[in-house]
Every structure is written in structure tokens, then in C-alpha cells.
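K.L.:
give me coordinates for this.
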Amino acid sequence: MAIIHLTDGGFAAAIASGTVLVDFWADWCGPCKMLAPMIEELAEAFEGKVTVGKLDTDANAQTAQAYGISAIPTVIVFKNGVETTRIIGVHPKEAYAEALA
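P.N.:
Below is the predicted model of the structure:
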């Protein structure tokens, strides 16, 4: 499954239905680069069950600000548009998988 690249313009629609994991990141962020392979593995593991997206906080500051993103990486799981889990920093892949269960 491909990871979708989210923007300010389409963010609300992207998280509106189903379970969506969003990785808030930036290109200059070292820990974000460490997390990226895990996000790709989660997208594969949960294909057909969960939508996995990434939002570049530098290019989409409006959405990052709206969700109070003050540290990256931040991963938020939404279920039908409602935030259910927020994980800040890099954690073992199992922590993200648990949030999707």
C-alpha cells in the first residue's frame, strides 16, 4: 500500500472516515528519518485496514498548528476523524501497531 502524502487542503477529508495513521514529519528531522521505515512497514502490515499518511509540517504548517504539533516526529491515529492516539518521538514499531489494533 502506498503511503499518502497529506496537505493542508485535503487533510480533513483524508481523516474523515476509517482508521488513519498520520506521521507528522519534516525533511530536516533526523528522528523522522529513523521512523520512516517503520511507517512503511506499518502501511504494508495494515494494508486494506488502515490508511497511512505523512504530513510535512514545514509545507503544511496550518494543519500542524491546528493539531498542536510542537515536536516531531508525532504520529496521530484518527478513527472517523477523531484523534484516538498520539505518540511523540520514535518508539518501537509495536507501539504504533498497538495504537492501530
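
K.L.:
just grab the bridge partners of the residue positioned nearest the centre of the chain for me.
P.N.:
Closest residue to the average C-alpha location of the chain: residue 22 at 1.6 Å, with Cα atoms, centre = their mean. Applying DSSP bridges to residue 22 gives these bridge partners: residue 53, residue 76.

K.L.:
check contacts around it.
P.N.:
Listed by Cβ atoms under 8 Å, 6 or more residues apart in numbering, the contact set of residue 22 reads 6, 15, 53, 54, 55, 75, 76, 77, 78. For every residue, glycine as well, the C-beta is placed using N, CA and C.

K.L.:
possible to save those as a markdown table with neighbour count?
P.N.:
Putting the contacts of residue 22 into a markdown table (neighbours: other Cβ atoms under 10 Å) gives the following:
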| residue | neighbour count |
| --- | --- |
| 6 | 22 |
| 15 | 24 |
| 53 | 21 |
| 54 | 21 |
| 55 | 25 |
| 75 | 26 |
| 76 | 20 |
| 77 | 20 |
| 78 | 21 |
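
K.L.:
can you put those in a markdown table and add distance to residue 69 and pLDDT?
P.N.:
What follows is these, written out as a markdown table (distance: Cβ to Cβ, whole Å; pLDDT from 0 to 100):
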| residue | distance to residue 69 | pLDDT |
| --- | --- | --- |
| 6 | 13 | 97 |
| 15 | 14 | 97 |
| 53 | 14 | 97 |
| 54 | 13 | 98 |
| 55 | 9 | 98 |
| 75 | 10 | 98 |
| 76 | 8 | 98 |
| 77 | 14 | 98 |
| 78 | 14 | 97 |
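
K.L.:
now, which of the residues you listed sits nearest residue 94?
P.N.:
residue 75 (13.1 Å; Cβ to Cβ).
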